[in-house]
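# okay, sequence plus prediction incoming.
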Amino acid sequence: LRAEAEKKVRDMGIREVIQEPGEVIYVPGGWYHAVLNITHTVAVTQNFCARAQFLKIWRHARKGRKKMSKKWLESLKLRHPDLAEMALKCNEDDGFEMKSSSSSKKKRKKRRDRSHSKSRSRSNERGKSSKKRNSDRDEGSDRDLTSKRSKRSV
């Protein structure tokens, strides 16, 4: 039955549709698609996961959409603990390890620290060069006044 359905899909080829205001288009899971907006457009998309397809979709999401799947798992723990348990068991059975969010937080902190240290270094350099400019200005202040006076008298 599934092979028959897949053959029908392959035989369909490309479909081109112009969606008019107020219309909804349903794209079945697994169907490749592209969208070209020909006018200013607001799009609202929603992904749906039927319980019957949960494990298939979970395996795909945890591999391809890592951050989203972590958030999804946390949401499942609160709203659908049975599915969360199924996801965790699936991970264990497959030997799939989801990286903890704490390691992501550590990486973000390291990047932030590096970025701050670079900007501190740049601001120190700017501070040194502005001190040098101020020092040069102070030393040359008599010269500046003299040159201004001489320009005025000309």
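Sure thing, it's come through.
# make it CA atoms for all contacts and neighbour counts henceforth
Fine.
# center of the protein, which residue is that?
When CA atoms, centre = their mean is applied to the chain, the residue found nearest the centroid is K67 (9.2 Å).
# any weak-confidence spans in this protein?
Scanning the chain with the threshold set as pLDDT under 70 gives 100-108, 118-154.
# which parts of it are helices?
For the chain, the helices defined by DSSP state H cover 2-12, 54-64, 66-79, 81-94, 101-139, 141-153.
# could you measure from E6 over to W31?
Counting by CA to CA, to the nearest Å, the gap from E6 to W31 is 11 Å.
# looking at those two, which one has more neighbours?
Counted by other CA atoms under 10 Å, E6 and W31 do not tie: E6 has more neighbours, with 11 against 8.
# next one: that one from G30, what distance?
From E6 over to G30 (counting by CA to CA), the distance is 11 Å.
# find residues that contact each of those two.
Common contact partners of E6 and G30 (CA atoms under 8 Å, 6 or more residues apart in numbering): none.
# list the contacts of C49.
By CA under 8 Å, 6+ apart, C49 lies in contact with I57.
# apologies, that question was intended for Q19.
I25 are the contacts of Q19 under CA under 8 Å, 6+ apart.
# start at 627, not 1
Taking 627 as the first residue, the last one we looked at is Q645.
# from I683, how far out is N673?
11 Å.
# no, scratch that, I was asking about L699
Distance of L699 to I683, computed by CA to CA: 13 Å.
# same question, A660
A660 is 20 Å from I683, where distance means CA to CA.
# who has more neighbours, the two?
The neighbour comparison of A660 against I683 (other CA under 10 Å) goes to I683, with 16 against 7.
# many thanks, we can stop here.
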